[in-house]
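Chemist: take this sequence and fold it.
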Amino acid sequence: MKIEILGSGCKKCHTLAEMVDTRAKELGLEFQLEHVTDMGRILDYGVMRTPAIVIDGEVKHSGSLPERAELDALLNRG
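Modeler: The predicted model follows:
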């Protein structure tokens, strides 16, 4: 599973990357995590509010930090 965290590098973006990394490891998932800060790439996904989570090329969440249950659901569905 390829997971991308989209954001400018702000505190929320870093927090989301840490949350995703921690939960994916706890869930025993095989994944690659990339933090994307390039605005061109972020806009290519159509994301207007960051931070955002992209899983296998599909935007799954944007604009806030998801609750743990929501994050688990996103990671388990891919």
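Chemist: do a quick rundown of the helices in this structure.
Modeler: When secondary structure is read from DSSP state H, the chain shows helices at 11-26, 39-44, 68-77.
Chemist: could those helices be laid out in CSV, adding mean neighbour count, distance to Gln32 and mean pLDDT?
Modeler: Heads up, the C-betas are built off the backbone N, CA and C, glycines and all. Output for the helices of the chain, formatted as CSV (neighbours: other Cβ atoms under 10 Å; distance: least, Cβ to Cβ, whole Å; pLDDT from 0 to 100):
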stretch, mean neighbour count, distance to Gln32, mean pLDDT
helix 11-26, 16, 10, 95
helix 39-44, 13, 16, 95
helix 68-77, 14, 13, 92
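Chemist: now render those helices as CSV, adding distance to Ile53.
Modeler: Below are the helices of the chain laid out as CSV (distance: least, Cβ to Cβ, whole Å):
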stretch, distance to Ile53
helix 11-26, 7
helix 39-44, 12
helix 68-77, 6
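Chemist: for Phe31, phi and psi?
Modeler: Dihedral pair for Phe31: phi -150, psi 160, per degrees, to the nearest 10.
Chemist: who's in contact with the residue lying closest to Glu34 once chain neighbours are set aside?
Modeler: In space, Glu34 comes closest to Glu4 once its chain neighbours are excluded; the distance is 4.9 Å by Cβ to Cβ, 6 or more residues apart in numbering. Counting by Cβ atoms under 8 Å, 6 or more residues apart in numbering, Glu4 touches Leu33, Glu34, His35, Val36, Ile53, Val54, Ile55.
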